[in-house]
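**Student:** One predicted model, sequence on top.
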Amino acid sequence: MAKSRVFVTRAIPEQGLAAIRDFCDADIWTDPLPPPREVLLERVRGVDGLLALLTDRIDAGVMDAAGPALKVISNYAVGVDNIDLAEATQRGIPVGNTPDVLTETTADFAFTLLMAAARRVVEGAAFVRAGKWQTWGPTLLLGHDIHGATLGVVGFGRIGRAVARRARGFAMRVLFHDPNAGDDAEARSLGESVDLDTLLRESDFVSLHTPLTDATRHLIDAAALEKMKPTAILINTARGPVVDHDALFRALKDRRIAYAALDVTDPEPISMASPLLELENVIVTPHIASASQATRGKMAQMAAANLIAGLKGDRLPYCANPALYEG
């Protein structure tokens, strides 16, 4: 019996690839950059399954190119904003993702960025490498205290709550804003629910953990930045377009806020011509919040499990459109 044909848009960790190669006739795009649009449309023709990354736009055009044989789309990511989920659902195609697995790892990194920005770690390391360190100085690279400060968490799902748990070790006051969070006991134990304006006005650190939707695109715009303290630090490990980067540049340049630490940008990767990269009071990392060996390996296993389940006609273990299985 012939194996199912699948296209994998990038080489994921071997923990997942091994299972895919064993079960499928796998066409794997091995270039470090995503396949260009025209290549993607060509390589999906006639496939039974598709394993995509968040850098791949999987829309009606891709589904049309794949044709009626397409049984499953597996996304190597928690978010599925790169996939036209409504279109896939209408066509009866289950879409898999990798929830929960990266919660703690991403929260670790968000707090890493918070601490690095507050204590100017990147600037300090560059200062030493540039040969500028001549003596201990009482005003050298003064930063901001973390202990006892107020942390505002925008988006209080799994990752936002994990960040709030870390804040308890620093005796931080935690505010959160999330219209969808509910009023459950865990949320109340971790922080105080407030409106966004209050959070922005009172927080020393604002950490973003909201999904990208029409409502959250440019949620942090010029008006939002104006409400923040001039000593405040913004951390974004969610999605780049949640922040208006032009407004952020102006706020940082004019010192209307103190610092920003971004693991996600808009566009992504950030252009080397971006004025943000000219500023000393911003840290930009290349979307590595989930980049631990254990987490990325587990993501690969989950993505492979979704792909293989869909090819078998079984329910996806991690499905982003479970309504397909109802009724």
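**Tutor:** Structure's in. What do you need? Given the structure is predicted, the values throughout are model-derived calculations rather than measurements. Numbers count the residues shown, from 1 in each chain.
**Student:** residues in contact with residue 109?
**Tutor:** Contact partners of residue 109, counting by CB atoms under 8 Å, 6 or more residues apart in numbering, are 237, 263, 288, 289, 290, 291. No exception for glycine: its C-beta is placed from N, CA and C like everyone else's.
**Student:** and with 6 Å instead?
**Tutor:** Each residue near residue 109 by CB atoms under 6 Å, 6 or more residues apart in numbering is listed here: residue 289.
**Student:** Just the CA trace of the lengthiest helix in the chain, in CSV.
**Tutor:** In the chain, assigned by DSSP state H, the helix with the most residues is helix 293-312. Taking Å, rounded to 0.1, in the frame of the first residue of the first chain, the C-alpha atoms of helix 293-312 are listed here in CSV:
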residue,chain,number,x,y,z
GLN,A,293,15.7,21.7,23.0
ALA,A,294,13.1,19.9,25.1
THR,A,295,10.2,22.2,24.0
ARG,A,296,11.0,22.3,20.3
GLY,A,297,11.4,18.5,20.3
LYS,A,298,8.0,18.0,22.0
MET,A,299,6.4,20.4,19.5
ALA,A,300,7.8,18.3,16.7
GLN,A,301,6.3,15.1,18.3
MET,A,302,2.9,16.8,18.6
ALA,A,303,2.9,18.2,15.1
ALA,A,304,3.8,14.8,13.8
ALA,A,305,1.1,13.1,15.9
ASN,A,306,-1.5,15.6,14.5
LEU,A,307,-0.3,15.0,10.9
ILE,A,308,-0.4,11.2,11.2
ALA,A,309,-3.8,11.1,13.0
GLY,A,310,-5.3,13.2,10.2
LEU,A,311,-3.9,10.9,7.5
LYS,A,312,-5.4,7.9,9.3
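**Student:** any idea how far it is from the chain center?
**Tutor:** Relative to its parent chain, helix 293-312 has a centroid offset of 18 Å by CA atoms, centre = their mean, to the nearest Å.
**Student:** May I see the buried residues of that helix?
**Tutor:** Applying a neighbour-count criterion of 16 or more other CB atoms under 10 Å, one finds 295-311 buried in helix 293-312.
**Student:** Now tell me what touches that helix from outside.
**Tutor:** For helix 293-312, contacts defined as CB under 6 Å, 6+ apart pick out 4, 12-13, 15-16, 19-20, 23, 48-49, 51, 71-72, 74, 76, 94, 96, 98, 101-102, 105, 316-318.
**Student:** out of the residues you listed, which are buried?
**Tutor:** Listed as buried from the contacts of helix 293-312 are 4, 12-13, 15-16, 19-20, 23, 48-49, 51, 71-72, 74, 76, 94, 96, 98, 101-102, 105, 316, 318; burial here means 16+ other CB under 10 Å.
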